[in-house]
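[1] Next input, structure requested:
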Amino acid sequence: MKVVGLMSGTSADGVDAALVSIERRKAGIHVEMVAFHSLPYPRSLQQRILSASIAGTVSDICHLNALLGEWFADAASSVIRSAELTPTDIDLIGSHGQTVHHLPAGIKDTGVGSIRSTLQIAEPAVIAERTGITTVANFRPRDIAAGGQGAPLTPGVHALLFRHLRRSRLIVNLGGISNVTYLPRGSGTAGIAAFDTGPANMVLDGIMFRKTNGRSTMDREGRLALRGKIDSRLLAKLLAHPYLSQPPPKSTGREAFGGKMLDELLSWQQTRVLSIEDLLATCSRWTAEAVGTARRWIRGGIDEVIVGGGGVRNRAIMGQLTALFDPIPVTTFESHGWDSKALESVAFAVLAYQTVMEESGNVPSVTGAAFPRLLGCIVPSGPRWFERLRSSKRKT
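    Numbers count the residues shown, from 1 in each chain. Here you go, the predicted model:
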């Protein structure tokens, strides 16, 4: 099958679209990337999404759900065109959507106990209608309904792409939130550990946006952080954040490390009279240290650390990670043949494929779900899609 995976992370900076070819072989499924396209959101739309995730009205979220459906459909169409293919060449789309709220710890409700929830928008019916391609979306809620955190969902794909028979690997994704997947040597999904470690680009980008009044949205390549000095008192305060000492399964997001955290950081900066360079240097070190603390939850040695996500371009974070894990080698997704920015969208293409092939996509030992589950909701391209799917399954 040829499948498009669509992803927009907690930074809400745009839609990543990966077109992959998935082939079933005796040793398992083989995944090869055909094309990648990133469709950035205008800053005004990014701010609307971020505002909606904190205090959005029903009207705001209803409208954004449909609007982002159009953006995701456009990203899918763009990556298909870039590969010089047409929608009729594509079998499936897997869309993560845009997370606007994630409450894996749950909220107590009278009479029914604690209710966990998550909400991703970018209406899949719009994507299917605009592209004419069957679309699978809303992957996280099924895992939550089965008692899990709904995240992270990429570890099974990490195992597929990076597991090694003789080397134990720690896969690090530096997105808006950072997360790790531990892959002990061997094959399959046995022994995998994975969880969110805390903030990464979300906090750094937020600092830049606030301090420049919206003129800049990132510390490109970590240039400012590299010029700053780490404030030891602030770093100690940040490392004492209760999320870091919480045992897995665990996942987090903007609810814990969003606007309120930025307010506290900027207030601390004023009190301590820190430069923006010092604040960025300290938060970059915090990101790296939070990844480093993951080792307390991992049973087994680490032979190699492989880093991806947008933060892989931040030289301040990468330098800190290299120092923290020394002498363990720290490499990147690129050195293993994968684009750092593309991998999460690749993962949701694979998850969509697994769903239509009736294979579970979650790893219960990672998310805390009671059982493996088929993930997502399917919006068929048309009435004969199921007939074509059955034919495809017979061939495999």
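[2] which regions of the protein sit below the pLDDT cut-off?
    For the chain, the stretches flagged by pLDDT under 70 are 394-396.
[3] Now do the strands in it.
    Taking DSSP state E as the criterion, the chain contains strands spanning 2-8, 14-25, 28-40, 92-109, 113-121, 135-137, 169-174, 177-183, 193-199, 304-308, 330-332, 377-379.
[4] Tell me, how many residues neighbour H241?
    Using other CB atoms under 10 Å, H241 has 16 neighbouring residues. For glycine as for every other residue, the C-beta is placed from the backbone atoms N, C-alpha and C.
[5] Identify the residues contacting the closest residue to it other than its chain neighbours.
    Using CB to CB, 6 or more residues apart in numbering and skipping the chain neighbours, the partner closest in space to H241 is G198 (7.1 Å). By CB atoms under 8 Å, 6 or more residues apart in numbering, the contact set of G198 is 177-178, 241, 243-244, 252, 257, 286-287, 290.
[6] Going by neighbour count, which of those are buried?
    For these, a burial check counting by 16 or more other CB atoms under 10 Å picks out 177-178, 241, 244, 252, 257, 286-287, 290.
[7] now, among these, which is nearest to G319?
    Minimum separation from G319 among the buried ones among the contacts of G198 (CB to CB) is found for T287, which lies at 11.7 Å.
[8] Was I right to think the closest one contacts N179?
    No. Applying CB atoms under 8 Å as the test, T287 and N179 come out as separate, 11.7 Å apart.
[9] Which residues are in contact with the nearest residue to M33 once chain neighbours are set aside?
    Distances taken as CB to CB, 6+ apart put V20 closest to M33, at 5.2 Å, once the chain neighbours are dropped. V20 sits next to 2-5, 31-34, 346, 349-350 when contact means CB under 8 Å, 6+ apart.
[10] Would you mind putting the residues you listed into TSV with neighbour count and distance to A159 alongside?
    Output for the contacts of V20, formatted as TSV (neighbours: other CB atoms under 10 Å; distance: CB to CB, whole Å):
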residue	neighbour count	distance to A159
K2	17	23
V3	27	18
V4	33	22
G5	32	17
V31	20	12
E32	10	17
M33	18	18
V34	16	22
V346	27	14
A349	30	16
V350	23	11
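[11] Please identify which of those is nearest to E277.
    V346 (34.8 Å).
[12] ok, what's across the strand from the residue nearest to H241?
    Beta bridges link G198 to S178 when assigned by DSSP bridges.
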